[in-house]
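Visitor: Predicted coordinates and the sequence they were generated for:
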Amino acid sequence: MTPGVAKLVVSLRSAEFPVWNTCDGPDLSPELRIRGLTPETQSMAVFALNPFEPGCSFTTWIIWNLSPSPLIPEGIPPQDVVTAPLNAVQGTNDYGTLGWRGPCPPPGETHRCLFKVYGLDAMLDLAAGAGKHDLIAAMQGHVLGFGETAAMYSR
């Protein structure tokens, strides 16, 4: 971990996705729990990556300008600017769509999704619909905390 970056403890409901967070259900974004946010944290950003899809960092969800909170609720709607159940901005994932896109492995396979959560010292001035590289660039110099977790899904 980078010196000066606080360790965030990130967790999901379980190590295996329930069907409702996948393509076999309504594909709702999962609930994330975060501990270790510092009082200086002004916003959070989340990347979800599926390393089993083509490309080494296939992004299935990017969301930022989340208020610092110990809970990101399940079911964030797939739209650019979110106002409920919380305020946030979402970008374009590597499927070319906005919002969460859950795992959908071929029959007989298991996919793992990695969640990377960043605590930031500012709200980011980044347009809705931006891609992962734009978000990474916007976060430069603003990271106060970092944590990650993962879950799997089998078909």
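Guide: Yes, it's here.
Visitor: Quick check: the gap between the residue lying farthest from the centre of the chain and residue 155.
Guide: The C-alpha centroid of the chain is most remote from residue 108, which lies 25.9 Å away (CA atoms, centre = their mean). Residue 108 sits 7 Å away from residue 155, going by CB to CB, to the nearest Å. Every C-beta, even on glycine, is put in place using the N, C-alpha and C of the backbone.
Visitor: about what we covered before: report the secondary structure state of the residue farthest from the centre of the chain.
Guide: coil (DSSP: H, G, I helix; E, B strand; the rest coil).
Visitor: Against residue 142, how distant is it?
Guide: As judged by CB to CB, residue 108 and residue 142 stand 42 Å apart.
Visitor: Could you do residue 6 as well?
Guide: In terms of CB to CB, residue 6 sits 13 Å off from residue 142.
Visitor: next one: residue 65
Guide: In terms of CB to CB, residue 65 sits 12 Å off from residue 142.
Visitor: Kindly report the same for residue 104.
Guide: 33 Å.
Visitor: if I pick residue 84, what's in contact with it?
Guide: By CB atoms under 8 Å, 6 or more residues apart in numbering, the residues touching residue 84 are residue 77.
Visitor: Check what pLDDT it gets.
Guide: Looking at residue 84, its pLDDT stands at 92.
Visitor: Phi and psi next, for it.
Guide: phi -150, psi 140 (degrees, to the nearest 10).
Visitor: Please apply the same query to residue 71.
Guide: phi -140, psi 130.
Visitor: bridging residues for it?
Guide: Going by DSSP bridges, residue 71 is paired in beta bridges with residue 33.
Visitor: residue boundaries of the helices in this protein?
Guide: For the chain, the helices defined by DSSP state H cover 132-139.
Visitor: who touches the nearest residue in space to residue 119 that is not next to it in sequence in this structure?
Guide: Distances taken as CB to CB, 6 or more residues apart in numbering put residue 145 closest to residue 119, at 3.3 Å, once the chain neighbours are dropped. Applying CB under 8 Å, 6+ apart, we find residue 145 in contact with 5, 6, 7, 8, 36, 37, 38, 41, 118, 119.
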